[in-house]
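Peer 1: pasting the structure only:
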């Protein structure tokens, strides 16, 4: 206990920001953002990085609600979309009025758009938490998404509102025509937003948000109105979602009804949950993974949404803490020095688990391509969906893989229990 | 002198069922007042009525002379009344330190501030450290409250209740489910921490009640049948009949 307690208590006693490691992580992130396009400079990867950056801001904003305040929203894309529309209108206004506002300031107006709607609608929405909030958010989401098709002057109907980012005043000679410049603009706002959102978690309001998440009833008896706390959280989440929407508008040079809809709202819920809501960096991991999968899988298979669903169900059932939760589980073992006793069981489990996964993929693709489509290409082997050989292979992989994999999973659990017990005995919480 | 808590003719009905009827209770400033009564007498409901958790159907509740019935719990809390819960009611996923710190924030004037670093507020830190020291949980400060032992959670519950510096503290069965040793610890803790404050306590353990309280009120079927010093209550025939029964012998 003693070492763990003193090291963490030191962190809390002086601001955690004082530690070198803390700044190191942020600095590393910034360096990676700067260097990335130099290593992967193709147009495709720049586009991917840009989308991932936007998705990270969006997912982090969503986690202000879900992870930090305990509000499950099914309509968060409303603020993202309205931010996008606000940014587009602002860009067009800047161009037509000749205002001296360069492009890098535009995401701020996206944020204001998201914030404005959150401030208007939020007071009613956050009156209650839980199911009531979730249902209202779903309703508002659908309401705004369908309005966007009806109110043509504002939302431009089916075609949306288009804009030209290069027509704005230049900043330091940057026209923001090339994707690389847009990437850096997104990276800049990503860092700014992430730092701001992290800072928010370390304010009195941020901590009371956590308290409202854990126990809204009790919060009332320490002087706080949980309604006001939820309202603040909702407004901040709307603001940062608006910034993400503004970045998307700059990236695509268009805002349309797809920005606002249920799919977009589902995707951010998805990313945040898969990444893990309990840790600040969770949504970052989730946004990277989900965006990457979305971009990659859509090219590989028509059944990509099915894979998303399976991953989501798997995370919900077996790792509710998401990827971040899985990673952070290992922290006490690392501190206690017992992680090495678990690692071998991981390696043993890899082969049968991958076999099982291949079997599942083969089954899904067989069904998806049964009535036509390219043969399934797996590790360079072509499987035809109509061939019994493929069915048999899939069946063997699924059934055999499952039974062997289950044995190896048990071994992990046993090794894990032993390591965790030792870690506990040594005074590290596990 | 105005009473710390003055309950006058309060009634609470749920539908047609009157849980509390003609409740009158007066707690003087600085007094340690215990409310006892058989199960289902309405002790927790009385707590909920005073602390604003539920609103009375009729009647009035005053805190230091000000009318508080009808106010929301946080409004009542801001006027200096704080309460604990019978069922442990802490912020489970937050650490012990953060639990207490949250309870300190409003009282130190930081409210909904989103422009201050919560870690660099000296008076908040000092007060939190002091409370943790008082409830003997300093060594557990970085443990999530949900992982504490039951007795520790009850102590944390008391810590959260007093952290805001309320002058009127209400504790709902603070020693329920504790062992003898733990109860003794908790009682001395309560005695020390409520020094100079008004304390209202609901408790089943008679040794706790008679050891701690200056005055006792006996609640039976939503009505106070007797109110007085421990000696008076011990001797009161109505109380003997209605509640203490064999325990009084």
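Peer 2: That came in fine, so what should we check first? Not measured: the values here are computed from a predicted model.

Peer 1: strands of the stretch 1-150 of chain A, start to end?
Peer 2: Assigned strands in the stretch 1-150 of chain A: none (criterion: DSSP state E, counting those that start in this stretch).

Peer 1: do the same with chain B
Peer 2: Applying DSSP state E to chain B gives strands spanning B:5-14, B:17-27, B:32-36, B:58-63, B:66-67, B:81-83, B:168-172, B:198-202, B:215-220, B:223-228.

Peer 1: now do the contacts for whatever residue of chain B ends up closest to chain A.
Peer 2: Per Cβ to the nearest Cβ, residue B:106 is where chain B lies closest to chain A, at 3.2 Å. No exception for glycine: its C-beta is placed from N, CA and C like everyone else's. With contact set as Cβ atoms under 8 Å, 6 or more residues apart in numbering or on different chains, residue B:106 has these partners: A:222, A:223, A:224, B:77, B:78, B:164.

Peer 1: from those, which is closest to residue A:192?
Peer 2: Residue A:192 has its nearest neighbour among those in residue A:224, at 28.9 Å by Cβ to Cβ.

Peer 1: what sits against the residue of chain A found nearest chain B?
Peer 2: For chain A, the residue closest to chain B is residue A:223, as judged by Cβ to the nearest Cβ, at 3.2 Å. Neighbouring residues of residue A:223 by Cβ under 8 Å, 6+ apart: B:74, B:77, B:78, B:105, B:106, B:107, B:164.

Peer 1: between the two ends of stretch A:164-183, how far is it?
Peer 2: Taking Cα to Cα, to the nearest Å, stretch A:164-183 runs 16 Å from one end to the other.

Peer 1: what is the mean pLDDT for that stretch?
Peer 2: In this model, stretch A:164-183 carries a mean pLDDT of 89.

Peer 1: stretch A:47-59 now?
Peer 2: What stretch A:47-59 shows for mean pLDDT is 97.

Peer 1: outside of it itself, list whatever touches it.
Peer 2: Taking Cβ under 8 Å, 6+ apart as the rule, stretch A:47-59 contacts A:33, A:36-37, A:40, A:76, A:80, A:179, A:182-183, A:186-187, A:189-190, A:193-194, A:240-241, A:243-245, A:247-248, A:251, A:268, A:271-272, A:275, A:283-284, A:286-288, A:290-292, A:295.

Peer 1: repeat for stretch A:127-136
Peer 2: A:70-74, A:124-126, A:212, A:216, A:226-227, A:230.

Peer 1: and those as TSV, adding neighbour count, distance to chain B and pLDDT?
Peer 2: Shown next, in TSV, are those (neighbours: other Cβ atoms under 10 Å in any protein chain shown; distance: Cβ to the nearest Cβ, whole Å; pLDDT from 0 to 100):
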residue	neighbour count	distance to chain B	pLDDT
A:70	22	10	96
A:71	25	15	97
A:72	17	16	97
A:73	26	20	96
A:74	19	23	96
A:124	11	18	94
A:125	21	18	94
A:126	26	13	96
A:212	29	9	97
A:216	19	10	95
A:226	25	8	97
A:227	18	10	97
A:230	26	11	97
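
Peer 1: in TSV, list these along with distance to residue B:190.
Peer 2: TSV is the format used below for these (distance: Cβ to Cβ, whole Å):
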residue	distance to residue B:190
A:70	31
A:71	36
A:72	39
A:73	42
A:74	46
A:124	42
A:125	41
A:126	36
A:212	28
A:216	26
A:226	28
A:227	32
A:230	33
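
Peer 1: in helices only, show me those.
Peer 2: Secondary structure from DSSP state H places A:124, A:125, A:212, A:216, A:226, A:227, A:230 of the contacts of stretch A:127-136 in helices.

Peer 1: now the nearest residue to the last one once chain neighbours are set aside, what are its backbone angles?
Peer 2: This points to residue A:230. Leaving aside its sequence neighbours, residue A:230 sits nearest to residue A:126 (Cβ to Cβ, 6 or more residues apart in numbering or on different chains; 3.7 Å). Reported as degrees, to the nearest 10, the phi and psi values for residue A:126 are phi -90, psi 10.

Peer 1: which of the residues in the strand or helix carrying residue A:307 are buried?
Peer 2: Using DSSP states H and E, residue A:307 sits in helix A:304-318. For helix A:304-318, burial by neighbour count (16 or more other Cβ atoms under 10 Å in any protein chain shown) applies to A:304, A:307, A:308, A:312, A:315.

Peer 1: okay but the last one is in contact with residue A:325, surely?
Peer 2: This points to residue A:315. No: contact criterion Cβ atoms under 8 Å: residue A:315 and residue A:325 do not qualify, at 9.2 Å.

Peer 1: tell me the residues of the stretch 251-400 of chain A that contact chain B?
Peer 2: residue A:278 (Cβ under 8 Å from any Cβ of the partner chain).

Peer 1: all strands of the stretch 251-400 of chain A, in order?
Peer 2: Under DSSP E, counting those that start in this stretch, the stretch 251-400 of chain A gives strands at A:254-255, A:376-378, A:381-383.

Peer 1: okay, these in TSV with mean neighbour count next?
Peer 2: Formatted as TSV, the strands of the stretch 251-400 of chain A follow (neighbours: other Cβ atoms under 10 Å in any protein chain shown):
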stretch	mean neighbour count
strand A:254-255	24
strand A:376-378	15
strand A:381-383	13
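
Peer 1: now tabulate those in CSV and tack on mean pLDDT.
Peer 2: As requested, these are exported to CSV (pLDDT from 0 to 100):
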stretch, mean pLDDT
strand A:254-255, 94
strand A:376-378, 79
strand A:381-383, 81
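
Peer 1: let's have these in CSV, adding distance to residue A:424.
Peer 2: Below are these laid out as CSV (distance: least, Cβ to Cβ, whole Å):
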stretch, distance to residue A:424
strand A:254-255, 52
strand A:376-378, 43
strand A:381-383, 47
